Structure formats: C-alpha cells, structure tokens
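> predicted structure and sequence below. I'll ask about it afterward.
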Amino acid sequence: MNAIRLKQIFSASAACVLLSLATSALAQYVWLDEKGVKQFSDMPPPSSVPNKRILKMPGNAMPPQSAAPADADANADGDKKPEVKAPPTIAEQNAAFQKRKADQAEKDKKAAEEAKRASDKATNCAHARENQRTLNSGTRIAQTDANGQRSFMNDNQRAQQAAENQRTLNECQ
C-alpha cells in the first residue's frame, strides 16, 4: 500500500512540476523592436520600447493602450486604421547597410585628407621656421635668377623675405 501511495505522490508532484513549467512558458513578453522584428522574452522589454509596440504580456494582462485614444483622434473619419510598418525586406536592409558602408567610407576619406593636410602644414611650418632661422642668422644667402646667375640677398631683400616668412609662421600657431 505504501508503494502505491508513494507512486501517487510522485505522479502528483511530477504533474505539478510539469504544470508549473507550462505556466512559466506562458509568462512571456512579445514586442516589436525599432526595426519591426518581433522579440520574445520572459523579461519585460526595455523602457525605450513604447507601449503600443508591446504585443503580449504575461498572464491575462494586455499591454497598456495609452496611445490608442491619440491615434483615434488623429483619424477623424474612423475608417482608416493606423499604419503598421512592416519589417524591412532583405533588399531594404542591404540598401541601408550599403548606405552605412558608403557613409563610413566617406568619413574615413575625409579623416585621411584632414590628416594629410595636418601633416603637410606641420612640414611647411618646420620649413618656415628653418628659413626664419637662416634669415635671422645674418649669413649671406645666395639666390639664382631666371638666367641662372647667382647673386646674394641684400638687407632689404632679407627683411622682405623675413616679413613674408613671419606671416607664414603666424598661420602655424
């Protein structure tokens, strides 16, 4: 008799366990994410998901319909149903990916150009500083004219070159 009683208790407890598992399977949330894809979870959706996108809540509780009256007011004739945006197709997803890829490539190109400009400016500034040191040193500076004749800079030419070089150096700072 004890064996039969033990078997009945075991069967009843197994049934309770299975029933609780079935009940917990019903305790799921279903909502649409920002891309329109259904999400299933036993945890509530993130707070960023609006109430109108929550399709199912655990138990008999229905999702709050706080946005429904506002939609009803927006449709004055009442015949129109609010548009539900369908999930994006593979082609739309691919187009969006290609657009993001092109945007990133454009950003990378601009960043490379900016880095090149910064590098060129640093090089030009270094050359201008070297020229200014040479002009301020007082040593004789030779020049070659259009005919290939060599001549030396006089003081006025040196001062004029120093002033032009100083304008370039002012842009470096």
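Yep, it's here. Remember, it's a predicted structure, so these values are computed and weren't measured experimentally.
> least confident secondary structure element in this structure?
Scoring the helices and strands of the chain by mean pLDDT, DSSP states H and E places helix 68-74 at the bottom, with a mean of 46.
> what's downstream of that one, the next helix or strand?
Going down the chain from helix 68-74, the next helix or strand is helix 90-137, by DSSP states H and E.
> list the helices and strands the helix or strand just after that following helix packs on?
Going down the chain from helix 90-137, the next helix or strand is strand 142-144, by DSSP H and E. For strand 142-144, the contact count by 3 or more Cβ pairs under 8 Å, 6 or more residues apart in numbering; DSSP states H and E identifies strand 150-152 as packing neighbours. Yep, even glycine has a C-beta here, placed from its N, CA and C like the rest.
> average pLDDT across the strand it packs on?
For strand 150-152, mean pLDDT rounds to 89.
> and for it, what are the contacting residues?
The contact list for strand 150-152 (Cβ atoms under 8 Å, 6 or more residues apart in numbering) reads 140, 141, 142, 143, 144, 145.
> out of the residues you listed, which is most surrounded?
residue 141 (15 neighbours; other Cβ atoms under 10 Å).
> low pLDDT regions in this protein?
1, 16-27, 59-81 (pLDDT under 70).
> ok, now with 80
Counting by pLDDT under 80, the chain has low-confidence residues at 1-7, 10, 12, 14-27, 58-84, 173.
> now, which of the contacts of strand 150-152 sits nearest residue 168?
Residue 168 lies nearest to residue 141 out of the contacts of strand 150-152, by Cβ to Cβ, at 16.9 Å.
> now residue 29. Its backbone dihedrals?
Backbone torsions of residue 29, given as degrees, to the nearest 10, read phi -100, psi 140.
> I'd guessed it sits against residue 49; true?
No. If you go by Cβ atoms under 8 Å, residue 29 and residue 49 don't touch, sitting 9.5 Å apart.
> send the alpha carbons of stretch 115-130 over as CSV?
Extracted in CSV, the C-alpha atoms of stretch 115-130 (Å, rounded to 0.1, in the frame of the first residue of the first chain):
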residue,chain,number,x,y,z
ALA,A,115,45.4,64.0,-41.5
LYS,A,116,47.3,64.7,-44.8
ARG,A,117,46.6,68.4,-44.6
ALA,A,118,47.7,68.5,-40.9
SER,A,119,50.9,66.6,-41.9
ASP,A,120,51.6,69.0,-44.8
LYS,A,121,51.0,72.0,-42.6
ALA,A,122,53.4,70.7,-39.9
THR,A,123,56.1,70.1,-42.6
ASN,A,124,55.6,73.6,-44.1
CYS,A,125,55.8,75.1,-40.6
ALA,A,126,59.0,73.3,-39.9
HIS,A,127,60.5,74.6,-43.2
ALA,A,128,59.3,78.1,-42.4
ARG,A,129,61.0,78.0,-39.0
GLU,A,130,64.2,76.8,-40.6
